[in-house]
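**Student:** Next comes the sequence, and after it the predicted model I'd like to discuss.
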Amino acid sequence: MENISAVTSFILIEYMGMEDLKYLYFIVFLLLYILILCLNLLLIGLIYFEKSLHEPMYIFVGNLAVNGIYGSTILIPFLLSQLMSYSHEISLGLCLAQIYCLHTYAIAEFSVLAVMGYDRFIAICHPLHYHIVMSPQKVIGLIALSWMYPFIAFGMYFILTAKLTFCSRIIPKVYCANFVLVRLSCFDTSVHSIVGLISVVFLIAPQLLMVIFSYAQILRVCLLASRDSRVKALQTCTPHLLAVVNYSVGVFFEVIQSRFNMSNFPYGSRMFMSLYFLIVPPLLNPTIYGISVQNIRVRILKICTAKKQVHRAS
């Protein structure tokens, strides 16, 4: 039992593959983090200060941007500090905190995307009742649900992981993940795995069903609508669909890593798959909505034009 209680920290061995180019990696990840912050804060600020963007669709986009900052802030500053570390060690407490934050980020991302899908369903299938259905109270309720559900639902399952004891210190990733930590447990985790599988259903199934239902109804309406209406619906849904696909790719990569032995994969591929859902969605989501959504794009262009005029005047 002495060996079991002694494991209070872990070694993140994937950082060892970055040793030779750690300063280059540091600069790249720092620039990515600054870019993520700038893009998402610009989007949040734009939605907050522009009264014409105080509509449910844009408010949900703002929440997606907030979650993007949350997810990237959990990982990238930690990643930068580990790149400059020689031991690449993380305490059990920090590892558990990181697991909780990263998983709540992932679930919250899907929850907000599901709510956005529902919003598009109401806008396209029930346009005359949109402002009645998507009332301010309803919007606040949906936002509260999309944030509270991940933190409470995952927290109930996470208690099981927090109670485990561990016999190995080696984590083959650049951050702590629940499925990896469970494998390091000293005891049989069959029950934990079954509960985890059931939890995944409850954590993801409601959002998945909402997205599928929303787009099934949108597709049904579009098939009966005129060509112009179909084009308009497609333009309205494209940013959201791109965000869903982008997020789904990240989830797919995580599933592959949790189910298969990745040690034979090239180091670069493993890193890309590990970091995708924590870096790419927060980077692409504000870009997608900034370029694809006309109201947001127009206001960004106005800001840029105003800055140019001020610069010329000075």
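**Tutor:** Yes, it's here.
**Student:** what's downstream of the helix-or-strand element of the chain with minimal mean pLDDT, the next helix or strand?
**Tutor:** Within the chain, no helix or strand scores below helix 2-6, which has a mean of 50 by mean pLDDT, DSSP states H and E. The helix or strand immediately downstream of helix 2-6 is strand 9-12, counting by DSSP states H and E.
**Student:** Using neighbour counts, pick out the buried residues of that following strand.
**Tutor:** Using 16 or more other Cβ atoms under 10 Å as the test for burial, strand 9-12 gives 10-12. Glycine gets a C-beta too; all of them are placed from N, C-alpha and C.
**Student:** before we move on, what about stretch 219-232?
**Tutor:** By 16+ other Cβ under 10 Å, the buried positions in stretch 219-232 come out as 221-222.
**Student:** Alpha carbons of stretch 113-121, in PDB - could you do that?
**Tutor:** The C-alpha trace of stretch 113-121 is given here as PDB (Å, rounded to 0.1, in the frame of the first residue of the first chain):
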ATOM      1  CA  LEU A 113     -23.800  24.200 -30.500                       C
ATOM      2  CA  ALA A 114     -27.000  22.200 -29.800                       C
ATOM      3  CA  VAL A 115     -28.800  25.300 -28.500                       C
ATOM      4  CA  MET A 116     -27.600  27.200 -31.700                       C
ATOM      5  CA  GLY A 117     -29.000  24.400 -33.800                       C
ATOM      6  CA  TYR A 118     -32.400  24.700 -32.000                       C
ATOM      7  CA  ASP A 119     -32.300  28.500 -32.600                       C
ATOM      8  CA  ARG A 120     -31.800  27.900 -36.400                       C
ATOM      9  CA  PHE A 121     -34.600  25.400 -36.400                       C
END
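**Student:** Contacts for that stretch next, please.
**Tutor:** 56-57, 60-61, 64, 134, 142-143, 145-146, 206-208, 210-211, 213-215, 217-218, 236-237, 240, 243-244, 247 (Cβ atoms under 8 Å, 6 or more residues apart in numbering).
**Student:** Please apply the same query to stretch 149-162.
**Tutor:** 96, 99-100, 103-104, 107-108, 111, 178, 181-182, 192, 195-196, 199, 202-203.
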